[in-house]
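In: Here's a sequence, model it:
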Amino acid sequence: MKTTLLLSVLCAVMAVAASLTCGSDSCATDEICNTTISTACQCNTTVYPFTRGVSPPVNLTCTGAKFNIQVSKCWLEKNGYNTSDIRLNSTNPECFTARQIVDGTSELTLNRSLIASDCNTAAEMNSTHVTYTNRLYIFGKTNPIRITNDAVLNISCAYPLNINVALNVTLHPILGTTVINGPNGTGSYAAVMMAFTESTYTTLLSEDYPLKVEDTIYLSVQVPDLDAKTFKLKVINIYASPTNSSDQKYYLLKNGCPASDVSPDELTVGMNGNGIESRFAMKVFQIANSNAVYLFADLSLCTTDCATNCPSQAKDASSNDIAGKVGIFLNAADTSYNVDTSSASGFSMPWTLSALIFSWILMKLM
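Out: Okay, the predicted model is just below:
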């Protein structure tokens, strides 16, 4: 009796499976297999109504650091769209949608990592969010006649930077950002560079905060959304230049350690290469014959702890591959100075930290 019942169930399952197959393909619930025309599944045009003037119902989700796009294939065909040519703002084959059965229905889907320039995706950054934008092109079918217009839909995904809440109360904070890519295009992360007034790294500097030569500022470079169990952030080099081209370099940090000609108090490494944040204390200085100082930090991601042991000065040993950089601009607010000949105090020049350079350099990780 049990054997007979089991055979009956198996036969029923096989019958259902057979009814869903169409040659080498499987049909969705809104498709039919018309073997008189072809062995491929075709949309059942009676399932969806024709609705003139309605935009295609695109389902966009922003999970897993990806654009996740889904739109009904059969709805599009019923309403006169070409389902073989739906894509992002690129003709790269990887940027086109593909048919997939989702919850039993035939869908056109596309999953692309949120990486600037991938399928011409653009990234925009402010003090709180990084936003990725693109366009989805859905073209009307022209053969034999056109019954609908092309549709171009703007899509976007925004992610919070999740950094110190001081950003909400600091006016014109000293903040720089850049977008970095995960290995093999597995994700995209926001790297943030901030300047603080004290060693507790709690009060952000503002553009209007006055500084003078020999004052100490505290620099933090971090990737807030980085998985600390998988990757570690490391600043490989920090160097200064009188221009933003960085052709003329004066190294403060080299291969993860203070440069050989840097005094012990000019740059101090707090932490670097063993977490999602790197910290440094730096004395404000001036480059001779220049009223501007551009600071650059070369960044890298490690798969294990990669902190450098710096018992004294920088080593000449090779370091991690440089993957990208961020920068900060210091501008002299007043070029006048006073020399006190009665003491050995030298001179003091007022400085103001102005807007950070936004360096959109994608990080290609090894």
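
In: Please compute how far stretch 113-124 lies from its chain's middle.
Out: 8 Å (C-alpha atoms, centre = their mean, to the nearest Å).

In: what distance separates the start and the end of that stretch?
Out: 15 Å (C-alpha to C-alpha, to the nearest Å).

In: Can you give me the buried ones in it?
Out: 113, 114, 115, 116, 118, 119, 121, 123 (16 or more other C-beta atoms under 10 Å). Any C-beta I mention is one placed from the backbone N, CA and C, and that applies to glycine too.

In: So which of those residues belong to strands?
Out: 113, 123 (DSSP state E).

In: Let me have the buried residues of stretch 113-124 in TSV, adding distance to residue 89 and pLDDT as columns.
Out: Shown next, in TSV, are those (distance: C-beta to C-beta, whole Å; pLDDT from 0 to 100):
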residue	distance to residue 89	pLDDT
113	15	78
114	14	76
115	14	74
116	13	71
118	11	83
119	6	92
121	8	88
123	14	79
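
In: Of the buried residues of stretch 113-124, just say which sits nearest to residue 54.
Out: residue 119 (25.8 Å; C-beta to C-beta).

In: From residue 274, how far out is that closest one?
Out: Relative to residue 274, residue 119 is positioned 35 Å away (C-beta to C-beta, to the nearest Å).

In: What of residue 178?
Out: Taking C-beta to C-beta, one finds residue 178 at 21 Å from residue 274.

In: and what of residue 147?
Out: Distance of residue 147 to residue 274, computed by C-beta to C-beta: 62 Å.

In: Residue 285 now?
Out: 28 Å.

In: before we move on, the earlier item: let's have the buried residues of stretch 113-124 in a markdown table, adding distance to residue 268.
Out: Below are the buried residues of stretch 113-124 laid out as a markdown table (distance: C-beta to C-beta, whole Å):
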| residue | distance to residue 268 |
| --- | --- |
| 113 | 37 |
| 114 | 36 |
| 115 | 35 |
| 116 | 33 |
| 118 | 38 |
| 119 | 43 |
| 121 | 39 |
| 123 | 33 |
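
In: Closest one to residue 91 out of the buried residues of stretch 113-124, please.
Out: residue 119 (9.7 Å).

In: And the closest one, how far from residue 67?
Out: Counting by C-beta to C-beta - residue 119 and residue 67 are separated by 8 Å.

In: same check, this time on residue 136
Out: Taking C-beta to C-beta, one finds residue 136 at 9 Å from residue 67.

In: what's the answer for residue 21, then?
Out: Taken as C-beta to C-beta, the span from residue 21 to residue 67 is 32 Å.

In: neighbour-wise, which of the two wins?
Out: residue 67 (25 against 13; other C-beta atoms under 10 Å).

In: Check which helix or strand the more buried one maps to.
Out: strand 66-72 (DSSP states H and E).
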